[in-house]
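A.B. asks: compute the structure for the input listed below.
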Amino acid sequence: MGGIIASALLGALAIVLYLIAYRHHKEKGTILSNAWLLASEKERENMDERVKKYEYQVAKNIYLMLGVLFSLIAINIHLETSPLFYFGWAVKILLIVIMCVYVVAQYREGEKLRESIKSES
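C.D. replies: Numbers count the residues shown, from 1 in each chain. This next block holds a predicted model:
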């Protein structure tokens with residue numbers, strides 16, 4: 001019984017993450033990233049459109065990967081007795097490694113974008 005409830009909650013969380021990723025894909029709503037949330041109101045108004053588009057893209061990809069991760073965990077709860085259980089954990093570990101590499105790569109790309117915008121000014 002507890003597995004069903006946990007799976008349902010994780011599935012619901014995954015759906016919420018997919019919806020957030022979709023809104024970021026459409027570039028609507030608040031950008032849910034540290035760069036946007038920690039910026040002052042003045043910095044947000046002065047933010048270049050290329051930076052906003054970049055922040056939407058990065059946040060979309062992160063929320064999409066988190067949605068996949070939570071979906072896999074919800075499915076994996078039901079596969080505890082199956083040989084696919086270990087395959088599911090291998091996929092989740094691989095996804096976490098990919099997310100870490102992606103975040104570092106996007107951070108470096110964002111720094112280059114910000115420097116190029118500053119040099120244009």
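A.B. asks: helices or strands up against the helix or strand in which Tyr63 is found?
C.D. replies: Using DSSP states H and E, Tyr63 maps to helix 49-78. When contacts are defined as 3 or more C-beta pairs under 8 Å, 6 or more residues apart in numbering; DSSP states H and E, helix 49-78 packs onto helix 2-25, helix 34-37, helix 84-120. Yep, even glycine has a C-beta here, placed from its N, CA and C like the rest.
A.B. asks: so what secondary structure elements neighbour the lowest-mean-pLDDT helix or strand in the chain?
C.D. replies: Among the helical and strand segments of the chain, the one scoring lowest on mean pLDDT, DSSP states H and E is helix 34-37, with a mean of 76. Contact analysis of helix 34-37 by 3+ C-beta pairs under 8 Å, 6+ apart lists helix 49-78 as its packing neighbours.
A.B. asks: ok, the nearest residue to Trp89 once chain neighbours are set aside - contacts?
C.D. replies: Setting aside the residues directly before and after it, Trp89 is nearest to Asn76 in space (C-beta to C-beta, 6 or more residues apart in numbering), at 7.0 Å. By C-beta atoms under 8 Å, 6 or more residues apart in numbering, the contact set of Asn76 is Phe85, Gly88, Trp89, Lys92.
A.B. asks: so, low pLDDT: which residues of this structure?
C.D. replies: 81, 121 (pLDDT under 70).
A.B. asks: quick check: the residue nearest in space to the middle of it vs Val103, distance?
C.D. replies: The chain has Ile62 as the residue nearest its centroid, 1.6 Å off, counting by C-alpha atoms, centre = their mean. As for Ile62, its distance to Val103 is 7 Å (criterion: C-beta to C-beta, to the nearest Å).
A.B. asks: quick one on the thing from earlier: of all the helices and strands packed on helix 49-78, which one is nearest Ser71?
C.D. replies: helix 2-25 (4.4 Å; C-beta to C-beta).
A.B. asks: got a list of contacts for that closest one?
C.D. replies: 29, 31-32, 56-57, 59-61, 63-64, 66-68, 70-71, 73-75, 77-78, 80.
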